[in-house]
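# got a sequence here, can you model it:
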Amino acid sequence: MERTVKISNKSGIHVRPAAQIAELANKFQANITFVKDGNEINAKSIMDLLTLAAGEGTQIKIKAEGIDEKKAIDALESLVNSKFSED
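All right, here's what the predicted structure looks like:
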């Protein structure tokens with residue numbers, strides 16, 4: 001299962017949003033990855049998330065595979081759409 005989201009907070013994915021994403025992703029059993037420009041990373045890893053260099057306006061594909069994949073994608077999409085409570 002996959003879904004595309006747009007990073008809309010002004011600072012993009014920096015340390016705090018990366019920590020929020022990883023913390024949330026780790027609550028699910030599904031394997032979760034983020035994809036940007038063909039680069040696929042583990043969404044449960046803060047360091048991997050920071051390597052995406054995803055600034056404001058970046059399109060990210062959230063991919064999840066496993067028993068709770070839909071819940072995982074819904075939760076991560078909601079987090080991204082909340083602008084990580086920054087703006």
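
# in the protein, which spans are strands?
For the chain, the strands defined by DSSP state E cover 2-6, 31-36, 39-42, 59-65.

# average pLDDT for the second one, rounded please.
Okay, so that is strand 31-36. For strand 31-36, mean pLDDT is 98.

# and if you look at stretch 16-27?
98.

# with stretch 47-63 instead?
96.

# which other residues reach stretch 75-87?
3, 5-11, 16-17, 20-21, 24-25, 27-28, 32, 43, 60, 62 (C-beta atoms under 8 Å, 6 or more residues apart in numbering). (Each C-beta comes from the backbone N, C-alpha and C, glycine too.)

# which of those are buried?
For the contacts of stretch 75-87, a neighbour count by 16 or more other C-beta atoms under 10 Å gives the buried set as 5, 7-9, 17, 20-21, 24-25, 28, 32, 43, 60, 62.

# distance to Ala72 added to these, as CSV?
Converted to CSV, the buried ones among the contacts of stretch 75-87 look like this (distance: C-beta to C-beta, whole Å):
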residue, distance to Ala72
Val5, 13
Ile7, 18
Ser8, 20
Asn9, 20
Pro17, 17
Gln20, 14
Ile21, 11
Leu24, 8
Ala25, 7
Phe28, 4
Ile32, 6
Ala43, 9
Ile60, 14
Ile62, 8
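
# in helices, which of those fall?
Secondary structure from DSSP state H places Pro17, Gln20, Ile21, Leu24, Ala25 of the buried ones among the contacts of stretch 75-87 in helices.
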